[in-house]
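[1] Build me a model:
(chains A and B)
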Amino acid sequence: MSVALRARLTALGLITPLVAFLVVFFFWPLATMMMASVTDGTVRGVMPETAAALSGWDGNTPPSPEMQQALVADLRKPVDQLAFGDAVRRLNSELSGFRSLMSHTTSAVRDAPEGQALDLATVDPRWSETKYWLAVKHAMPLYTDRYLLAAADLERDAAGNIAAVDAGASANRQIMLRTFLIAATVTVLCALIGLPYALIAASATGWVRALLLIAVLLPLWTSLLVRTAAWFILLQNEGLINEALKAIGLISEPLPLIFNRTGVVIAMTHVLLPFMVLPIYSGLLTIPANLMPAAASLGASRLKAFRYVLLPLAFPGLMSGSLLVFMVALGYYITPALVGGPNDQMISSVIAFFATGTANWGMAGALGLILLAVTTVLYLVYGRLSRSPTMVGT
Amino acid sequence: MPAFITLDRISKAFGQLKVVDELDLQIEKGEFVSLLGPSGSGKTTILMMLAGFIEPTSGEIRLENKRIDHLPAHRRNMGVVFQNYALFPHMTVAENVAFPLMMRGVSKAEAAERVSRAIDMVKLGHIKDRKPAQLSGGQQQRVALTRALVFEPSVVLMDEPLGALDKQLREHMQFELRELHRRLELTIVFVTHDQGEALTMSDRIAVFNAGRIEQLASPEAIYDRPNTRFVAEFIGETNLFTGKVEACEGRNARIKLESGPIVQASIPTDFTAGNAALVSVRPERVRLAEQAGADNSIQVKVLDTVYQGDHLRVRLAGSGIDLVAKLERKARPWPVGAEAFATFEPDECTVIRP
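    Numbers count the residues shown, from 1 in each chain, chains lettered A, B, ... in the order given. Now for the predicted structure:
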């Protein structure tokens, strides 16, 4: 074995644990969730023979006896009640009436003597109608866009065209918009507070700088849950903030600070502020100390020196800080859940609801996929916009 | 007529530490004045006060007889070249040079015209769209200089601008700076700790020590007639002998050295017989001879001879003193241990107060 080859193998061996970790705990779950969002095996799983028989049917001709017998054969098989229940729900969502039709048909099929052909039309006249078979056929394909459509509050109507769901039936779009709105608000607030803070911290020296940095870092070292819980206490109607404001006579009635958007934004801004301050601060530290005197000697007032020298140089830090805050804010779950009201829940809580509440992995995956896609697009646009800015005026 | 720039009893203290102590300095229009001194001697502080980056604790600074010590830096119209150039890393060469014009509200067309003229003058036209990080040290130096000159400042202040360049480039830039100074009739205040640089470039040199100016004079005067022991030792190399004035007649004096020998020297007017005196003789003024001469012959022994390319450096000792002589390269070789007489002309040694 040559030395070069051995060196390569050693290198590969060293990164194998990392690659394995990433594959098992990142890529594989990601791929699984993405697959779950576009596949649908509920009906196909319990009715494999029907699926085979329906694949040859064009949907216009009357239902053939083969299709009927395939369905009877599928229904005769002993089946997992839970999976069967899911399949019926799935069919019912395609066309209402399936719940009664299927329970009716199933018991009729189970009661009928084995080995004898059963005319389903006699069991229930609906089986002679094309639209019921069409609904079954529509529920058959392994790959489906229904979760993705549902995640965007859309569905396919009876004719197969994409249409909006009834108003009030679903609020995914609204929650998604709200998620981006809250994340953007928090990002802007973090930038407004973080930039001056970082500027002051970078220009301070000695213990003042140490104190300012500790004030940013300490929350970062504290558990997110603890910080959110602290805000939960502070923001109460009888909490520290309202009591203090009342004590100094600024307000007579407590400000509504908790279980609303204000509370969510306050708590999230505080929690995410370090992610804004630290990149700006470290960027500012790399700026040579004599640039500001140089600008002054060239005729720039303090304001102009700030505008044309310091701000452009702080810009990359501001941009990466904003990106960090925005991305992390998008996935927030605990803080809105604790200090927000029902209208402040973000998309993660909906995903959590589908994933852990109703075990609807398709919906959870689809919402996650849309969030990922929108975020990726925003990231690309942002990357294009935040290339080092050119100087205005030259 | 008052001087172009006047520093009037300027002091600067940082807490208890007095960095500049009641300093007076006058600079004429079109002059190249170097502030020379060891680090911590207050020379950079003076420059920063001229530029307006720090305020004097007391005293006045006047430019063309108008007080400027209360003016903020951006309204003083002084070009500053910093030690590490202080170019704006996010701007191209052209944008850096345009910056002072933009700050002064010069129209875009005129600014572009002046920038390209200035950039062409220092032969940087081919790199005007590069960022400072893509330039060599010498190029950055030239951009910094161009940026400080493009707005035609009344004074150009330079804080060790050549310190970061290698030797050859530094010598080349010294030449270019002199050339620019002559051609544009600039008034330049140049801070340096490199005596060679100060001697080469300046019209006048102010030698700084501990917050005061020890001597302010032309390079020749500074080198040949140092006022104080500090100046004599700081500029170039010198042999110093302590002694006492025995007799004086006009500018000529006889000085008895502590170690015995008697030397003839010209003295400043304020010396009288009985004054303690330091005699300073530059090594290159010392000659070696086999026979004693008329004046100033000291019997010595050769301790060491070192060939240094352009000269021979000879270490001598005898008659109770040590001294160094720089001899011509082609002088006859003096073997170690040889007996000789070190001689120097009375008007080539300086007498200063100890």
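[2] Let me know whether my guess that residue B:326 is in a strand holds.
    Yes: judged by DSSP: H, G, I helix; E, B strand; the rest coil, residue B:326 forms part of a strand.
[3] Residue 305 is in what secondary structure piece?
    Since you didn't name a chain, this refers to chain A. helix A:302-305 (DSSP states H and E).
[4] The chain in question should be chain B.
    Per DSSP H and E: strand B:297-307 holds residue B:305.
[5] Off-centre distance for that strand?
    31 Å (CA atoms, centre = their mean, to the nearest Å).
[6] What's the first helix or strand after it?
    strand B:311-318.
[7] elements contacting that next one?
    strand B:297-307, strand B:321-328, strand B:339-343 (3 or more CB pairs under 8 Å, 6 or more residues apart in numbering or on different chains; DSSP states H and E). Using the backbone N, CA and C atoms, a C-beta is placed for each residue, glycine as well.
[8] So which of those is nearest chain A?
    Counting by CB to the nearest CB, chain A lies closest to strand B:321-328 out of these; the figure is 40.0 Å.
[9] buried stuff in that closest one?
    B:321, B:323, B:324, B:325, B:326, B:327 (16 or more other CB atoms under 10 Å in any protein chain shown).
[10] now do stretch A:112-127
    Within stretch A:112-127, judged by 16+ other CB under 10 Å, the buried ones are A:118, A:120, A:123, A:124, A:126, A:127.
[11] low-scoring stretches of chain A, by residue?
    A:1, A:158, A:386-394 (pLDDT under 70).
[12] coming back round to it: just send the buried residues of strand B:321-328 back as a markdown table, with pLDDT and distance to chain A too.
    Shown next, in a markdown table, are these (pLDDT from 0 to 100; distance: CB to the nearest CB, whole Å):
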| residue | pLDDT | distance to chain A |
| --- | --- | --- |
| B:321 | 83 | 48 |
| B:323 | 89 | 44 |
| B:324 | 91 | 40 |
| B:325 | 90 | 45 |
| B:326 | 90 | 40 |
| B:327 | 88 | 46 |
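[13] List the neighbouring strands of the strand holding residue B:305 plus their orientation.
    Partners of strand B:297-307 in the sheet, by DSSP bridges, are strand B:311-318 (antiparallel), strand B:339-343 (antiparallel).
[14] what's the longest one in contact with?
    This points to strand B:311-318. B:283-284, B:288, B:298-306, B:322-329, B:331, B:333-334, B:340, B:342 (CB atoms under 8 Å, 6 or more residues apart in numbering or on different chains).
[15] Can I get the buried ones among the residues you listed as something I can paste into ChimeraX?
    This is how ChimeraX selects the buried members of these, with burial counted by 16+ other CB under 10 Å:
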select /B:283,288,298,300,302,305,323,324,325,326,327,334,340,342
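[16] now the closest residue to residue B:258 other than its chain neighbours, what's its secondary structure?
    Among residues not flanking residue B:258 along the chain, residue B:242 sits closest, at 5.1 Å (CB to CB, 6 or more residues apart in numbering or on different chains). Here residue B:242 is recorded as strand under three-state DSSP.
[17] Measure how buried residue B:242 is and give me the count.
    15 (other CB atoms under 10 Å in any protein chain shown).
[18] That one bridge partners, please.
    Beta-bridge partners, per DSSP bridges, of residue B:242: residue B:278.
[19] residues of the helix or strand hosting residue A:67 that come out buried?
    Using DSSP H and E, residue A:67 sits within helix A:65-76. Buried residues in helix A:65-76, counted by 16+ other CB under 10 Å: A:67, A:68, A:69, A:70, A:71, A:72, A:74, A:75.
[20] Next: stretch B:240-259.
    Buried-residue list, stretch B:240-259, by 16+ other CB under 10 Å: B:241, B:243, B:245, B:248, B:253, B:254, B:255, B:257.
[21] Who are the contact partners of the first one?
    For residue B:241, the contacting residues are B:257, B:258, B:259, B:263, B:278, B:279, B:281, B:321, B:323, by CB under 8 Å, 6+ apart.
[22] Closest one to residue B:138 out of those residues, please.
    Nearest to residue B:138, judged by CB to CB, of the contacts of residue B:241 is residue B:281 at 38.9 Å.
[23] tell me what the longest helix along chain A is packed against?
    What stands out as the longest helix in chain A, according to DSSP state H, is helix A:172-203. Here helix A:172-203 touches helix A:206-221, helix A:261-285, helix A:311-330, helix A:347-352, helix A:361-385, going by 3+ CB pairs under 8 Å, 6+ apart.
[24] What parts of chain B come near chain A?
    B:51-53, B:72-80, B:82-84, B:86, B:88-91, B:94-95, B:98-100, B:102-104, B:108, B:111, B:147-148, B:151, B:157 (CB under 8 Å from any CB of the partner chain).
[25] Next step: the residues you listed restricted to helices.
    Filtering the residues of chain B next to chain A for helices - DSSP H - leaves B:51, B:94, B:95, B:98, B:99, B:100, B:102, B:103, B:108, B:111, B:147, B:148.
[26] Out of these, give me the one that has the most neighbours.
    residue B:147 leads these on contacts (other CB under 10 Å) with 30 neighbours.
[27] List the contacts of that one.
    With CB under 8 Å, 6+ apart, residue B:147 has these contacts: A:298, B:79, B:87, B:96, B:97, B:99, B:100.
[28] Next one: it, what pLDDT does it get?
    As predicted, residue B:147 sits at a pLDDT of 95.
[29] Would you quantify the distance from it to residue B:163?
    To residue B:163, residue B:147 is 18 Å away according to CB to CB, to the nearest Å.
[30] In contact with residue A:14, which residues?
    Contacts of residue A:14 by CB under 8 Å, 6+ apart: none found.
[31] Get me the contact residues on the stretch 151-300 of chain A for chain B.
    A:288, A:290, A:291, A:293, A:294, A:295, A:296, A:297, A:298, A:299, A:300.
[32] please redo it, this time with the cut-off set to 6 Å
    A:290, A:291, A:293, A:294, A:296, A:297, A:298, A:299, A:300 (CB under 6 Å from any CB of the partner chain).
[33] Report the two of these separated the most.
    A:290 and A:299 (16.0 Å).
[34] So the two - more neighbours on which side?
    Neighbours per residue, other CB under 10 Å: of residue A:290 and residue A:299, the larger number sits with residue A:299, 24 against 17.
[35] The more buried one - nearest residue in space that isn't next to it in sequence?
    residue B:103 (3.8 Å).
[36] Could you save the residues of the stretch 151-300 of chain A next to chain B as CSV and add columns showing secondary structure and distance to residue A:84?
    Shown next, in CSV, are these (DSSP: H, G, I helix; E, B strand; the rest coil; distance: CB to CB, whole Å):
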residue, secondary structure, distance to residue A:84
A:290, coil, 77
A:291, helix, 73
A:293, helix, 79
A:294, helix, 78
A:296, helix, 80
A:297, helix, 83
A:298, coil, 80
A:299, coil, 82
A:300, coil, 77
